[in-house]
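Visitor: One predicted model, sequence on top.
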Amino acid sequence: MDLTGKLLIAMPGIGDPRFEHSVVFLCSHGDEGAMGLIVNKPADGVALGDLLEQLDMGEEGSAAAALPVRFGGPVETQRGFVLHTPDYESDVSSLKVPGGFSMTATLDILEDIALGQGPEQLLVLLGYAGWGPGQLEAEIAMNGWLTADASPELVFSLADDSKWEASLKTLGVDPLTLSASAGHA
């Protein structure tokens with residue numbers, strides 16, 4: 001089953017503190033593995049203005065400068081990604097993802113954001129989460145993750161600290177009923 005464009009919701013007791021209470025948006029999933037972005041974990045004290053300054057882009061004090069940067073995952077943590085609505089398309093390359101999402105990982109989107117010409121809704125992330133062939137499927141089978149439909153409202157509009165619980169509620173799951181230990185019938 002192709003999970004591209006879906007959310008992965010970390011179960012309690014996932015065993016990796018980097019993914020504790022994480023909500024991961026899957027940008028791609030197939031026989032070669034999977035790639036996703038954690039959409040609810042802030043990068044420690046980093047704002048978009050910091051990145052724009054390092055790249056000599058943008059105006060200091062612009063609205064874009066105050067946007068938070070998120071921890072997208074533990075792989076290539078110096079690499080930037082922008083998850084956004086499909087109203088913006090990079091001149092270089094944007095990956096269209098089902099459900100009303102796009103992902104761009106080229107500098108031109110940051111330049112456009114700095115100029116106020118970026119997508120209507122967006123998340124800026126450093127790093128990504130990646131899985132090799134069959135690895136994600138095995139983690140799901142071991143009750144490490146639940147899968148849910150993604151919505152632009154949940155991904156872009158909710159506060160980071162409410163996305164995990166809100167994602168569970170889309171499945172009708174009360175977080176208080178979840179156990180950190182898995183069982184098999």
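Guide: On my side now, so go ahead. Residues are numbered from 1 along each chain as shown.
Visitor: which other helices and strands contact the host helix or strand of residue 24?
Guide: Counting by DSSP states H and E, the secondary-structure element that holds residue 24 is strand 23-30. Judged by 3 or more Cβ pairs under 8 Å, 6 or more residues apart in numbering; DSSP states H and E, the packing partners of strand 23-30 are strand 6-10, strand 33-38, strand 95-97, helix 160-170. In short, each C-beta sits where N, CA and C put it, glycine included.
Visitor: what are the ranges of the helices in the protein?
Guide: Defined through DSSP state H, the helices belonging to the chain, from first to last, are 48-54, 107-114, 135-141, 152, 160-170.
Visitor: How far off centre is the shortest one?
Guide: It stands for helix 152. Taking Cα atoms, centre = their mean, to the nearest Å, one finds helix 152 lying 12 Å from the centre of the chain it belongs to.
Visitor: What are the contacting residues of that helix?
Guide: By Cβ atoms under 8 Å, 6 or more residues apart in numbering, the surrounding residues in contact with helix 152 are 85, 99-101, 121.
Visitor: Just put these in CSV and tack on neighbour count.
Guide: Rendered in CSV, the data for those read as follows (neighbours: other Cβ atoms under 10 Å):
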residue, neighbour count
85, 16
99, 15
100, 17
101, 22
121, 17
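Visitor: In strands, which of those appear?
Guide: Restricting the contacts of helix 152 to those inside strands, with DSSP state E as the criterion, leaves residue 101.
Visitor: Show me the two of the contacts of helix 152 that sit farthest apart.
Guide: Of all pairs drawn from the contacts of helix 152, the one with the largest separation by Cβ to Cβ is 99 and 121; the distance is 13.0 Å.
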